[in-house]
Every structure is written in structure tokens, then in C-alpha cells.
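>>> need coordinates for the below:
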Amino acid sequence: MVKFSYISKIALGACADHAHAILYIYGTNNIINNKIWALQSSCRRLGRTMGLSSERLLPNNVKNVGRIENEMFGTTGRTIHENCSRACDKLDKTSVVNKNGKNAKKVVCRRCSSLIFPPNVVKLVEGEPKELKKMSVHGTDALGSEIAQVWWKTSNEMDFDTWGCQTVDGVKALMCGDCDFGPWGHRIISEKETVFYVAAERVAYE
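Here you go, the predicted structure:
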């Protein structure tokens, strides 16, 4: 998974009206699409944690890069659940779905509790089975695999608060954008759209 620490310089600006962030990447010729989406959907958190409104951090303020990066994608100060389940756990769907068929609770990473979806943004669907490796940091441990078929499904990457993506055994796997734990889902890319599937039995709820 591409990490922001590999970027030589990062600067963030905030829009006064929505406290959204703008990413500037310097010192690299590659556009890092996987983290661009994660950045865009993490703007809400950035605004909360740093209190940004009309303030602008210019590219030469490189002293702020490490702090910004950690606030957005780090796990410092969080409880890491190293012994969390790495497979699908039975889910009582009535406890996590509201009357609109969407997530009634926050959907979070099982390992670091990073927010994946805020409440009431994605619908639960069943079917479309997919074989996923059992979860680990970076998703590459030889732990076996299983079939997942209960999903939080969306075609809008902006529904996510944070996420990451890497290819694991040919699968475009979805991982935690903060602690790299996964895969807890996958994505399918077509000419029309990209569809994201988050395994409802591989995440936690708050």
C-alpha cells in the first residue's frame, strides 16, 4: 500500500466554507490515486482535529507535514486491538441496519477503530460472494481465505471516511487507511463505475 511518508513534501489548504483539504504533492511524478480518495474523504476529520477553517498551510510549511500526516492517517494515541478476529464473524443484521436499509451505526476498523463509514450512508446487500484472504496488517499473511457475501456496498468513494487499497492475490482489496489492516473488502472497476464492497462481517460497529 502506498504510504504518504514516501512523499517528499505535502501541503494542505482548507476551504473557508467547508473546511475541506486540498492536496499538493511535490517531489514525485506519480499521482497516488489510492490515497487521493482517502484524503478527500478524510477532510472532515482533518477539520475536526486541526481546527482548520480559513487557515492555509502553504507548501513551504514542511514542518507541519508529519503532524498533518499522522492526524489523518496515523494511529498514535489509539488502542490497537492486535488480537481482534481476522475472519468473518456472525452478524446480527437487525442491530446494524436502520429502517432505510443503511448502516445504523458507525462502521469502523476492527483493529484500530478508525472510521470507515459514518452512520446512515451505505446499504447492506447480500450475495455476490467473493473469496478474501483472512485479515492481517498489509493483508499478505498466509492465514488462509474464506468467502464473504454480506456487504456494505457503494459506488461513491466519498462515502468513506478513510480507506486504502492494494492488490492482494489479484484482488483489488480494501484495507484500513490508517493501520493497513485487511482486506475487509474489495472493489470492482468497470468502464461505467467503481463499486466498493466492505464485508459487513469483517468490520466493527460503534
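>>> wait, residue 205 sits on residue 105?
Yes - if you go by C-beta atoms under 8 Å, residue 205 and residue 105 touch, sitting 4.3 Å apart. C-beta here means a position set from N, CA and C on the backbone, and glycine is covered the same way.
>>> pull up the overlap in contacts between those two.
residue 96 (C-beta atoms under 8 Å, 6 or more residues apart in numbering).
>>> what's the spacing between residue 196 and residue 84?
22 Å (C-beta to C-beta, to the nearest Å).
>>> more neighbours, these two?
residue 196 (24 against 15; other C-beta atoms under 10 Å).
>>> contacting residues for residue 131?
Taking C-beta under 8 Å, 6+ apart, we find residue 131 in contact with 145, 146, 147, 148, 171.
>>> most neighbours of all the residues you listed, which one?
residue 148 (23 neighbours).
>>> what does that residue show for phi and psi?
phi -110, psi 140 (degrees, to the nearest 10).
>>> likewise for residue 135?
phi -80, psi 150.
>>> same check, this time on the one 10 residues further on
For residue 145, the backbone dihedrals are phi -140, psi 170 (criterion: degrees, to the nearest 10).
>>> what do you get for residue 157?
The phi/psi pair for residue 157 (degrees, to the nearest 10) reads phi -60, psi -20.
>>> can I get the contacts of residue 131 in TSV with pLDDT and distance to residue 157?
Formatted as TSV, the contacts of residue 131 follow (pLDDT from 0 to 100; distance: C-beta to C-beta, whole Å):
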residue	pLDDT	distance to residue 157
145	95	25
146	96	26
147	97	25
148	97	20
171	88	18
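>>> export those as TSV, with columns for distance to residue 110.
Formatted as TSV, these follow (distance: C-beta to C-beta, whole Å):
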residue	distance to residue 110
145	17
146	15
147	18
148	14
171	19
